[in-house]
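Novice: Fold the following.
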Amino acid sequence: MGGLLKRKTTSSSSLFLLPLFLAFFFLIFLERSVVVVSGLDYSKHRQVNSLRLKRIQKHLDKINKPAVMTIESPDGDIIDCVHKRKQPALDHPLLKNHKIQRAPPEMPRAKTKTKGEEVKRDYNTTSSNSEERTVLSSRGAWQMWHQNRTRCPKGTVPIRRSTVHDVLRAKSLYDFGRKQRRMPLARRTDAPDVVSGNGHEHAIAYTGTSQEVYGARATINVWDPSIQVVNEFSLSQIWILSGSFDGSDLNSIEAGWQVSPELYGDSRPRLFTYWTSDSYQATGCYNLLCSGFVQTNSKIAIGAAISPVSLISGNQYDITILIWKDPKLGNWWMGFGDNTLVGYWPSQLFTHLADHATMVEWGGEVVNSRANGAHTSTQMGSGHFAEDGFGKASYFRNLEVVDSDNSLSTVGDISTLAENTNCYNIKSSYNNEWGTHFYFGGPGNNPRCP
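Specialist: Have a look, this model is predicted:
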């Protein structure tokens, strides 16, 4: 009888465990077949099949180069220290035999006189109209991955590692790391300087198209504007442009800071670069997410978060960016802060910019997707309008261009543009300390911007 009872117990246990085993194997099968994506509050839950995951991983293996050393940033970023000769740039078909430029480029010379007055170069404390203004240029631990005091070894460059989740936030693998082509390409009569359309809105200052330009510099106020939906962004940047806005041959080199939940998975302001030689169609990308930009600096990670940021009625932080064409070798270099060289865009990448630029733009851009049928509440700059001034509105200061003789001169005459001043606006001015400068930005959706 005891044996019978034992057999009955065993049989009952088997029946009880069978569903558990089936559920376990089903979960393994599910895990191998799909991945459920749920990144932050921004991402939608969706299933991804294994074939797509393989394609994504193959692409990531191409752009995430083998690291000499890896650094974990407090914000969750992984920074790979990659040997400079193994960086993604050199995969470009036009750069197969490219030798990384070792000789430092000839830095643009600063002109000390503009409009008959001496322009002071003290970027730390400035005053205007009897208002004392404290500005803290971002130095020291200005990128979050610096906070653990670990640096990449000499001979390597820091590259922010891309993940499967980064790619899955994009519309497609092809779109990952690219700006969407803005349609229509036709130049607007009131906006000859921007490729408008497809929900992109601007508040910018720009030069005319009659002069040859060989670079530009500006100091840009850093904020952390709020973004309404994942596929929108807010940025502050410099554009170096040549080619036609109403065709497919626009060349553009861009750098500044941006908040882009889709690209980075968070709402932190990040240093970024961009380039295109065909009006954002097939060439170019953000940062080092494709081949092209050659990085030479071992301390600056393009795409890494900037910290600290400005506060309303508090400390103001800014970054200085210089882009210019090396008069000897023709490459377009990027400088950061106090003449720190970041890297360069080889001239072979471009058509029109292989010679010179015809226009420079400075300012802000947002994407207005009208997700809920109303104008987006994504902020530009600080989220305040230009008239709110220092400590509230975001600014660009000390706007300069590089002339044909490789000298920096303050921009005298600039035009400004904002497509909808009830949503975002811009106001330019000039004084001795800040040279040509402007305040810009806005909250987006508000009673006057429905």
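Novice: how long is stretch 380-400 end to end?
Specialist: Stretch 380-400 has an end-to-end distance of 23 Å (Cα to Cα, to the nearest Å).
Novice: same thing with stretch 98-108?
Specialist: 24 Å.
Novice: ok, and for that stretch, which residues are buried?
Specialist: For stretch 98-108, the neighbour count (16 or more other Cβ atoms under 10 Å) marks 100-101, 105, 108 as buried. Where you see a C-beta, it was placed from the backbone N, CA and C, and this is true even at glycine.
Novice: Check stretch 63-81 too.
Specialist: Going by neighbour count (16+ other Cβ under 10 Å), the buried part of stretch 63-81 is 63-65, 67, 71, 73, 75, 77-81.
Novice: mind showing which ranges of the stretch 101-250 of the chain have poor pLDDT?
Specialist: Counting by pLDDT under 70, the ranges of the stretch 101-250 of the chain that qualify are 112-132, 137-141, 181-198.
Novice: which stretches of it form strands?
Specialist: Here the stretch 101-250 of the chain has its strands, by DSSP state E, counting those that start in this stretch, at 109-110, 113-114, 117-118, 125-128, 131-137, 156-160, 200-206, 215-221, 234-242.
Novice: Which among those is found nearest to residue 289?
Specialist: strand 156-160 (9.2 Å; Cβ to Cβ).
Novice: Residues in contact with that closest one: which ones?
Specialist: The contact list for strand 156-160, computed with Cβ atoms under 8 Å, 6 or more residues apart in numbering, reads 64-65, 68-69, 71, 77-84, 87-88, 145, 152, 287-288, 295-304, 343.
Novice: can you tell me which of the residues you listed are in strands?
Specialist: 69, 71, 78-83, 295, 343 (DSSP state E).
Novice: Tabulate those residues in a markdown table, adding columns for pLDDT and distance to residue 360.
Specialist: Listed next are the ones in strands among the contacts of strand 156-160 as a markdown table, based on pLDDT from 0 to 100; distance: Cβ to Cβ, whole Å:
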| residue | pLDDT | distance to residue 360 |
| --- | --- | --- |
| 69 | 97 | 38 |
| 71 | 97 | 35 |
| 78 | 98 | 35 |
| 79 | 98 | 31 |
| 80 | 98 | 33 |
| 81 | 98 | 34 |
| 82 | 98 | 32 |
| 83 | 98 | 34 |
| 295 | 98 | 23 |
| 343 | 98 | 20 |
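Novice: so which of those residues comes closest to residue 410?
Specialist: Closest approach between those and residue 410, by Cβ to Cβ: residue 343, at 26.3 Å.
Novice: Could you find the closest non-adjacent residue to the closest one?
Specialist: Distance criterion Cβ to Cβ, 6 or more residues apart in numbering; nearest residue to residue 343, sequence neighbours excluded, is residue 295 at 3.9 Å.
Novice: Now for that neighbour: which residues touch it?
Specialist: Residue 295 touches 84, 87, 89, 157, 159, 288, 302, 342-343, counting by Cβ under 8 Å, 6+ apart.
Novice: Please identify which pair of these lies farthest apart.
Specialist: The largest separation in these, counting by Cβ to Cβ, is between 84 and 302 at 13.7 Å.
Novice: if you count what's nearby, which of those two comes out ahead?
Specialist: Each of residue 84 and residue 302 has its neighbours counted (other Cβ atoms under 10 Å); residue 302 has more, 25 against 20.
Novice: The more buried one reaches residue 336, doesn't it?
Specialist: No. In this structure, residue 302 is not within contact of residue 336 by Cβ atoms under 8 Å, at 9.8 Å.
Novice: which residues are in contact with both of the two?
Specialist: Between them, residue 302 and residue 336 share the contacting residues 271, 342, judged by Cβ under 8 Å, 6+ apart.
Novice: Grab the nearest non-local neighbour of residue 104.
Specialist: residue 341 (6.7 Å).
Novice: Bridged to the one you found, which residues?
Specialist: Beta-bridge partners of residue 341, counted by DSSP bridges, are residue 335.
Novice: In contact with the residue nearest to residue 150 when sequence neighbours are not counted, which residues?
Specialist: Using Cβ to Cβ, 6+ apart and skipping residues adjacent in sequence, the residue nearest residue 150 is residue 71, 5.0 Å away. For residue 71, the contact set (Cβ under 8 Å, 6+ apart) comprises 78-79, 81, 145, 148, 150, 152, 158.
Novice: 6 Å - rerun?
Specialist: 79, 145, 150 (Cβ atoms under 6 Å, 6 or more residues apart in numbering).
Novice: Looking at these, which is nearest residue 53?
Specialist: When the contacts of residue 71 are ranked by distance to residue 53 (Cβ to Cβ), residue 79 comes first, at 24.2 Å.
Novice: wait, that closest one sits on residue 147?
Specialist: No. Between residue 79 and residue 147 there is no contact under Cβ atoms under 6 Å: 11.7 Å.
Novice: how far away is the residue nearest to residue 150 from residue 256?
Specialist: 24 Å (Cβ to Cβ, to the nearest Å).
Novice: Kindly report the same for residue 175.
Specialist: For residue 175, the distance to residue 256 - Cβ to Cβ - is 21 Å.
Novice: what's the answer for residue 168, then?
Specialist: Counting by Cβ to Cβ, the gap from residue 168 to residue 256 is 26 Å.
Novice: picking that back up, what's the farthest-apart pair in the buried residues of stretch 63-81?
Specialist: 65 and 75 (21.5 Å).
Novice: Which residues does residue 219 form beta bridges with?
Specialist: residue 320, residue 397.
Novice: got the buried residues for stretch 367-377?
Specialist: Quick answer for stretch 367-377 (16+ other Cβ under 10 Å): 367-369, 375-377.
Novice: Which residue lies nearest the spatial centre of the protein?
Specialist: Centroid-nearest residue in the chain: residue 272, 3.0 Å away (criterion: Cα atoms, centre = their mean).
Novice: tell me the contacts of that residue?
Specialist: If you count contacts by Cβ under 6 Å, 6+ apart, residue 272 has them with 258, 286-287.
Novice: now those residues as CSV including neighbour count?
Specialist: Formatted as CSV, the contacts of residue 272 follow (neighbours: other Cβ atoms under 10 Å):
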residue, neighbour count
258, 23
286, 23
287, 23
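Novice: Closest one to residue 424 out of those residues, please.
Specialist: Residue 424 has its nearest neighbour among those in residue 258, at 15.3 Å by Cβ to Cβ.
Novice: Can you lay out the contacts of residue 71 as JSON lines showing distance to residue 94?
Specialist: JSON lines is the format used below for these (distance: Cβ to Cβ, whole Å):
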{"residue": "79", "distance to residue 94": "27"}
{"residue": "145", "distance to residue 94": "31"}
{"residue": "150", "distance to residue 94": "34"}
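Novice: which one of those residues is nearest residue 414?
Specialist: Using Cβ to Cβ, residue 145 comes nearest to residue 414 of those, at 35.3 Å.
Novice: if we can go back for a sec, please report how far the residue nearest to residue 150 lies from residue 145.
Specialist: From residue 71 across to residue 145, the span is 6 Å (Cβ to Cβ).
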